[in-house]
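In: Dropping a prediction and its sequence here:
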Amino acid sequence: MHAFRPSRPFRFVRRLLLVGMAASMAACGGGGGGGGGSSGSSLDLSLSPRSVSTEFLEGDAEPLHATATVSVDSDFSQVPVVVVTDRGATAVLESVQVSSTDVSTYDVNFLLRNDLPAGRYQSSFQVRICSSASCNKVFASETVSYVVQVNSTTHLTALAPLAGAADWTAVDGDAGEASYVPVTLDPANFSLRWRLDIPDFDPNSGNTWNPPLESVLSADGAVFFRTSQASTVPASLLAVNEADGSVRWTHRATMELNRPVIAGDVVYTVMFPNYLHAIRGLDIATGSVVADIPNTRGQSAALTAVDGRLVYRGSVDIYNNTGLISLDLATQQIDWVNWFQAPVVASGNTVYTFTPESVATAPLGGGLFALDASTGDTTLAIADMGMEAVSPIATSLRTVIVPGAVGEVLGEDPDHVAMFDTVAGIRRWSIPSVALIGAGEGVTYVMRGAQIDALSNANGATQWSWAPPEAPWTLIDAVFTRNIAFISTLQKVYAVDMATRAVVWTYPRAGALSISKNGVLFIMRGVKNDFDRSEGVLVAVNLH
């Protein structure tokens, strides 16, 4: 039973019902006192619907919702206690939250226990407005029946490679950063594999996302991710076995860690703050340190692995000016630097960067540049006149190599997205006021206003659009396949059939997304949900 008392007479119904129910629904016995109203006073309570239900996975409790309508006589002066009782043999209720919609109507959220074991729970909530916590005098009462289905989180099928999928070695899949996997999926095969409460997650870290909201890497039958330094927990790099969610190894650091990247059988990360920004490499099988490279002059920016080296932004002179740096992994020495300042992507032995006008790009101005990964020399330059009028910071720029195509490279800045043909040496098209989120075979995916648009790589024409049923909404992450788009909003993850735009599967939490070589979708939930339950959870979903 949950009881609480408003602080003022109930005739101030709009304020007091909200204050009472929004307060923590403390353990049974809260409140006190009673009496005082005239016997002719009345209070009416109704809840709609009278029956509610939900279905969720263990550890992912979904709230139940109802609407409360309250009316009182003008002379009602009682300060009552609101008592909510869970009549189930196994109590499912954790607390209640309420928000007002008008002077007499309230949205009621019955928050359920997150530790409910798998099973079916069927009973009712009794909501009473009483003179005291003991409910010796009841002013109004209403009952809402509920059905709660909690499903198991474990479905450990044998792992097998998914034809077309590859190791996820960088934050957006690989050095091309297209967030695309060339596979065709059947939603009928989707099932939760496991759910892991991440070790060392610190729920007291305030608004810090710990672990960060970024996709996990995968290779060698494991997934890899970092956790940020928090009040009681050091920064760490973790490896978790893909088969069962068990921790393979944990590497604890004395400094903050940048997002990792995999090159061969080593996972690399930059350690900071430290003006030298050492790069550390860990064996993906054992977690042992195989490279500890000081004096890299890097910044807290991402590493790009290409052709036996790491390319990253860093300090290229004694004045701490920023440019690109190449670190040869065989010699562990810097082998070239230049003055390009934007992030890079790579394919084969070529590095691409979409960058505004700078000393490195003169006299061409801004645009797309291709560099020889071995030397850093510019091998191709395609002007983009839209870049010359803007001076975005380097981290607001993005470059994407289009998968399954020859010579197609995308560039994004805060003002537009452009498609470049590196074979013809031209900018093919440019579209303003959109944000680049991925690319597939023949298609570019962008955010335009409140919807996702699929654009033709040939001419930029819109092929189809989609928006989730929730509104308003915020995009967290997206991964695309040949037939299914996985879209995470702040509310949940949607699997969308790209032929019909129908939602064919959902997961009831937000997260950063990646797909492994074995056809497992990973959802990194380094976020807080609507009801402020801090989370540090990694979820694995079988896709075949």
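Out: Alright, I've got the coordinates.
In: need the longest strand for this protein.
Out: Longest strand in the chain, counting residues (DSSP state E): strand 138-151.
In: partners of the next helix or strand after it, with directions?
Out: Sequence-wise, the next helix or strand downstream of strand 138-151 (DSSP states H and E) is strand 191-197. Sheet pairing of strand 191-197 (DSSP bridges) gives strand 537-542 (antiparallel).
In: that older thread, for the longest strand of the chain, which strands pair with it and how are they oriented?
Out: strand 51-57 (parallel), strand 119-130 (antiparallel).
In: residues in contact with the longest one?
Out: The set of residues that contact strand 119-130 without belonging to it, under CB atoms under 8 Å, 6 or more residues apart in numbering, is 10, 34, 43, 45, 47, 68, 80-90, 92-93, 110, 135-150. (Each C-beta comes from the backbone N, C-alpha and C, glycine too.)
In: buried stuff in it?
Out: The neighbour-count check on strand 119-130 (16 or more other CB atoms under 10 Å) flags 121, 123, 124, 125, 126, 127, 128, 129, 130 as buried.
In: between the residues you listed, which is nearest residue 221?
Out: Distance to residue 221 across those (CB to CB) is lowest for residue 121, with 36.6 Å.
In: who touches the nearest residue to the closest one once chain neighbours are set aside in this structure?
Out: Closest residue to residue 121 apart from its sequence neighbours, by CB to CB, 6 or more residues apart in numbering: residue 148 at 4.2 Å. Taking CB under 8 Å, 6+ apart, we find residue 148 in contact with 53, 54, 55, 64, 92, 112, 116, 120, 121, 122.
In: now residue 323
Out: Residues near residue 323 by CB under 8 Å, 6+ apart: 313, 314, 316, 337, 338, 339, 340, 341, 360.
In: how about 7 Å then?
Out: Residues in contact with residue 323 (CB atoms under 7 Å, 6 or more residues apart in numbering) are 316, 337, 338, 339, 340, 341.
In: Those, buried ones only, as a ChimeraX selection?
Out: In ChimeraX syntax, the buried subset of those is picked out as below (16+ other CB under 10 Å):
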select :316,337,338,339,340,341
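In: will you turn the contacts of residue 323 into CSV that also has pLDDT, secondary structure and distance to residue 366?
Out: As requested, the contacts of residue 323 are exported to CSV (pLDDT from 0 to 100; DSSP: H, G, I helix; E, B strand; the rest coil; distance: CB to CB, whole Å):
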residue, pLDDT, secondary structure, distance to residue 366
316, 81, coil, 19
337, 92, strand, 20
338, 90, strand, 16
339, 87, coil, 13
340, 89, coil, 11
341, 82, coil, 11
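In: sorry, back to before: narrow the contacts of strand 119-130 to those that are buried.
Out: Applying 16+ other CB under 10 Å to the contacts of strand 119-130 flags 10, 34, 43, 45, 47, 68, 80-86, 92-93, 110, 135, 139-140, 142, 144, 146, 148, 150 as buried.
In: Looking at the contacts of residue 323, spot the one nearest residue 195.
Out: Closest to residue 195, out of all of those and judged by CB to CB, is residue 341, at 40.9 Å.
In: Surely that closest one touches residue 355?
Out: Yes. If you go by CB atoms under 7 Å, residue 341 and residue 355 touch, sitting 6.3 Å apart.
In: The stretch 251-400 of the chain: helices as residue ranges?
Out: 385-388 (DSSP state H, counting those that start in this stretch).
In: ok, the nearest residue to residue 537 once chain neighbours are set aside to residue 343 distance?
Out: Spatially, and ignoring its direct neighbours in sequence, residue 537 is nearest to residue 525 (4.2 Å; CB to CB, 6+ apart). Distance of residue 525 to residue 343, computed by CB to CB, to the nearest Å: 26 Å.
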